[in-house]
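1. the following comprises the amino acid sequence and a computationally predicted model.
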Amino acid sequence: MAKSTAVERRLIGLFWLMVALCLLPFVLLAFLNDMAADDFLYCSLFRQSGFFGGQQLIYLRWAGRFTTNFLNASFAASGLLAHFYWLPCLLLFAFTGWAIFFLVRTIYSLLPDKPAGRAGSWIAVVSFILFILLLYVQADIGTGFYWFSSAIVYQSSMILFLLMTASLLKRFTRSGPAPGHDALLLLLILLIGGCNEMAAVLLVFLLVAVIGGYGYIRRRIPAYLWVYLGTAVLAGLILILTSGVLRVRSAMMNSHNSYLNILAATGFQFVYVFFSVFKEPLFWLSGIAAFLAGDRLSRKGMAVGWLAAFREKDLFFKGLIVLCLLIGLSLATVMTGSRGSLPPRVLNNLTGLLAIGLLMLLVVAGIRRGGRTVAAEGFPLSPAAMSVMLALPLLASTNYRDAWKTVLSGYFRHAVFQDRARQLTEAGERHQRVVTIRSYPDAIEDKIRERLPHGLPETLRTYMLEKPPLMYPYDGTAAQNQKGYCQYYGIDSIIVGGH
């Protein structure tokens, strides 16, 4: 027994070591990142128009994302964005992890007959695996966490979706009035609707699916679900009709795109969402673990109470169809509104929803099949076993490889951008109107020779010269980028190529 406990402790230690090694490059990237594109425009806007004035201008002239406009202003107007650019990324990491932990703990607390054992270890293991999975399946990690102007818009909505899911599950367990829960959920719904257009559309379809699913299982739909749906629809309509979405942004879209082209683009994006999830080995092993967890719940006689409905009805394929419709309808709506123009970062919420939705469906499938699977009765789904299951997909992920490549090349990119920032800041303070800077390739070469004067192997040098794959590709010196860049530093124009 003592020997078995010692082995289990070593395996658990291995698990946390693997988690630390997995997260290390992604955390390091936060400190190697730099402001880009819209970041400069927002800082200049809030510097000139103030905390509330800047938000009003964005709402009326661009989009009604009042939730993320407020968060944007909180960082940009206070100077945190300019002086501590790493801070928003780390905060988004922390709040995403906390929201996942809250969701997992909520699900565990709602189990009718909780399994014996170390609940805290279970919850921590599952939370970290889900966090890494949601990081890996993002359609565009570079803009998902590291480019502030994008991350604050799309990752904030992902955090709120996780909190809403946990709160909604809690609400389902209360049969009578629950004004506190209802008020919290209405607030979360309003905040999600104010994050971005995809989140607002996805929220409406998600609540429709929840109402339909609840009615299918329980046969009676509570009134509060209709209130949630009505709030989401009303908030979306108000935002669209009162902000600059229709009057300004829609005029900038490619209105000459035919509906056939939009349909083809929507189909491509739909496939890309599924590809982003299915390409990750971690998802497949997590899916196996989710199915076996549901199977164990059923075998141990814990599929009672609200879980009994999942054993009585075959919901997997019906749920899969609903999940596909959720993603397809959300994409079709937003793609039609944007006339087929949709950057990959907009898909991040959809990939996260798909990954979590599929894992939940696999748990349900395991409950349904409980006692009829080939899985051994004593299959070791302990935190120690999870450590072994997690090791392989961590090493196999292309995102993990790209993270280390970005750390390597991003170190020198960060040094070049810091030199540029000092040069342009000094030029602005001297009221210099035109500034000449080195081109990015020349500056990178010089920085490598400066930091590594004795040279290095050609393969390593090639990696250092590559553009960091997980960072937003921004130079600032291109003609289309110079307006915000120059405005931020108080100069008129930049000339590239000087020595």
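-> It's in. Numbering: from 1, shown residues only.

2. all helices of the stretch 1-150 of the chain, in order?
-> 2-31, 38-61, 66-76, 80-83, 86-109, 119-136, 141, 148-172 (DSSP state H, counting those that start in this stretch).

3. now the fifth one: buried residues?
-> By neighbour count, with 16 or more other C-beta atoms under 10 Å as the criterion, the buried positions of helix 86-109 are 86, 88-89, 91-93, 95-97, 99-107. (C-beta placed from N, C-alpha, C; glycine too.)

4. kindly state the domain boundaries assigned to the chain.
-> With automatic domain parsing as the criterion, the domains of the chain are listed as 2-396, 411-496.

5. mind putting those domains in CSV, mean pLDDT and distance to Ala403 included?
-> As requested, those are exported to CSV (pLDDT from 0 to 100; distance: least, C-beta to C-beta, whole Å):
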stretch, mean pLDDT, distance to Ala403
domain 2-396, 82, 4
domain 411-496, 79, 6
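
6. any idea which of those domains is most buried?
-> domain 2-396 (a mean of 18; mean count of other C-beta atoms under 10 Å).

7. my read is that Phe283 contacts Val137, right?
-> Yes: at 6.6 Å, Phe283 counts as touching Val137 under the criterion of C-beta atoms under 8 Å.

8. against Leu297, how distant is Ser127?
-> 18 Å (C-beta to C-beta, to the nearest Å).

9. oh sorry, the question was meant for Phe131
-> 23 Å.

10. try Thr336
-> Counting by C-beta to C-beta - Thr336 and Leu297 are separated by 42 Å.

11. please apply the same query to Phe15.
-> Phe15 is 22 Å from Leu297, by C-beta to C-beta.

12. try Val201
-> Relative to Leu297, and taking C-beta to C-beta, Val201 is found at 34 Å.

13. likewise for Val416?
-> For Val416 relative to Leu297 (C-beta to C-beta), the value is 54 Å.

14. and if you look at Asp475?
-> 53 Å.

15. now swap in Trp404 and tell me
-> Taking C-beta to C-beta, one finds Trp404 at 38 Å from Leu297.

16. list the contacts for the closest residue to Gln487 other than its chain neighbours?
-> Nearest residue to Gln487, sequence neighbours excluded (C-beta to C-beta, 6 or more residues apart in numbering): Ser44, at 4.8 Å. Residues near Ser44 by C-beta atoms under 8 Å, 6 or more residues apart in numbering: 484, 487-488.

17. next one: Arg451
-> 412, 415.

18. against Met471, how distant is it?
-> Where Met471 is concerned, Arg451 sits at a distance of 19 Å (C-beta to C-beta).

19. same question, Ser157
-> 22 Å.

20. now Leu237
-> 37 Å.

21. same check, this time on Ala443
-> For Ala443 relative to Met471 (C-beta to C-beta), the value is 16 Å.

22. what of Val19?
-> 23 Å.

23. coming back round to it: okay, and which of the contacts of Ser44 map to helices?
-> 484, 487-488 (DSSP state H).

24. between these, which sits nearest Phe316?
-> Phe316 has its nearest neighbour among the ones in helices among the contacts of Ser44 in Gly484, at 48.6 Å by C-beta to C-beta.

25. I'd say that closest one and Ala36 touch.
-> No: counting by C-beta under 8 Å, Ala36 is not a contact partner of Gly484; they are 9.7 Å apart.

26. find the centremost residue of the chain, please.
-> Gln155 (4.3 Å; C-alpha atoms, centre = their mean).

27. got the angle between the top helix by length along the chain and helix 2-31?
-> Identified as the longest helix of the chain according to DSSP H is helix 398-429. Here helix 398-429 runs at an angle of 30 degrees relative to helix 2-31 (axes from the mean of the first three to the mean of the last three C-alpha atoms, to 10 degrees).

28. and helix 398-429, what does it pack onto?
-> helix 2-31, helix 119-136, strand 434-437, helix 440-451, helix 458-465, helix 482-489 (3 or more C-beta pairs under 8 Å, 6 or more residues apart in numbering; DSSP states H and E).

29. cutoff 7 Å now
-> Contacts defined by 3 or more C-beta pairs under 7 Å, 6 or more residues apart in numbering; DSSP states H and E place helix 398-429 against helix 2-31, strand 434-437, helix 440-451, helix 458-465, helix 482-489.

30. quick one: Leu134 and Leu353 touch, right?
-> No: using C-beta atoms under 7 Å, Leu134 is not in contact with Leu353; the gap is 9.9 Å.

31. so Leu354 makes contact with Phe275?
-> No: the pair Leu354 / Phe275 is not scored as a contact, 10.6 Å apart, by C-beta under 7 Å.

32. so what's Ser330 up against?
-> Residues in contact with Ser330 (C-beta atoms under 7 Å, 6 or more residues apart in numbering) are 198, 201-202, 205, 350.

33. redo those residues as CSV? Include secondary structure and distance to Leu163.
-> Shown next, in CSV, are the contacts of Ser330 (DSSP: H, G, I helix; E, B strand; the rest coil; distance: C-beta to C-beta, whole Å):
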residue, secondary structure, distance to Leu163
Met198, helix, 18
Val201, helix, 19
Leu202, helix, 15
Phe205, helix, 19
Leu350, helix, 18
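
34. Thr242: which of the residues you listed is nearest?
-> Val201 (17.1 Å).

35. isn't that closest one up against Thr333?
-> Yes: contact criterion C-beta under 7 Å: Val201 and Thr333 qualify, at 4.8 Å.

36. nearest to Ile192 among the contacts of Ser330?
-> Leu202 (8.6 Å).

37. which residues are in contact with the closest one?
-> Counted by C-beta under 7 Å, 6+ apart, Leu202 has contacts 330, 349.

38. what about it, distance to Trp86?
-> Per C-beta to C-beta, Leu202 is found 29 Å from Trp86.

39. repeat that for Leu225.
-> Taking C-beta to C-beta, one finds Leu225 at 41 Å from Trp86.
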